[in-house]
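Enquirer: Quick one, structure for this:
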Amino acid sequence: MTTSTTAADVSALSFEQAVEELEKIVAALERGDVALDKSIEIYERGEALKKHCEKLLGAAENRIEKIRLDRAGTPQGVEPLDNG
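Expert: Predicted structure coming up:
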């Protein structure tokens, strides 16, 4: 499995699919019953999955907005959720 193939495969996954696969990789590595060469391969895939999840989370965070209310509680518009 090459890095470019891994990246292409990972980019097609939903957040939930990527997290599920990443959890399986972590469990396999923690058990320690994987051969060294296979450990390196699945670790690299795990890194690609982690980056993909971070990218998807960042995109979701950018889309989240909070509603601004006036003193009477009437919606007055929206603003970024994390505006410092």
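Enquirer: any idea how far the residue nearest the centre of the chain is from Arg63?
Expert: What sits nearest the mean C-alpha location of the chain, by CA atoms, centre = their mean, is Cys53, with 1.2 Å. Distance of Cys53 to Arg63, given as CB to CB, to the nearest Å: 16 Å. Where C-beta positions appear, they are placed from N, C-alpha and C, glycine not excepted.
Enquirer: in this structure, what residue sits furthest out from the centroid?
Expert: Ala72 (38.7 Å).
Enquirer: and Val78, backbone torsions?
Expert: phi -130, psi 160 (degrees, to the nearest 10).
Enquirer: I should have written Ile64 there, sorry.
Expert: phi -80, psi 130.
Enquirer: and it, how many neighbours does it have?
Expert: 10 (other CB atoms under 10 Å).
Enquirer: circling back: these two touch, right, the residue nearest to the centre of the chain and Phe15?
Expert: Yes - if you go by CB atoms under 8 Å, Cys53 and Phe15 touch, sitting 6.1 Å apart.
Enquirer: what about dumping the CA coordinates of stretch 28-37 to CSV?
Expert: The C-alpha atoms that make up stretch 28-37 are tabulated as CSV, following Å, rounded to 0.1, in the frame of the first residue of the first chain:
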residue,chain,number,x,y,z
ALA,A,28,-4.2,-3.9,17.2
LEU,A,29,-1.1,-1.9,17.9
GLU,A,30,-1.8,-1.9,21.7
ARG,A,31,-2.3,-5.7,21.7
GLY,A,32,1.2,-6.0,20.2
ASP,A,33,0.4,-9.1,18.2
VAL,A,34,1.1,-7.6,14.8
ALA,A,35,4.4,-8.2,13.0
LEU,A,36,6.8,-5.2,12.9
ASP,A,37,6.4,-4.6,9.1
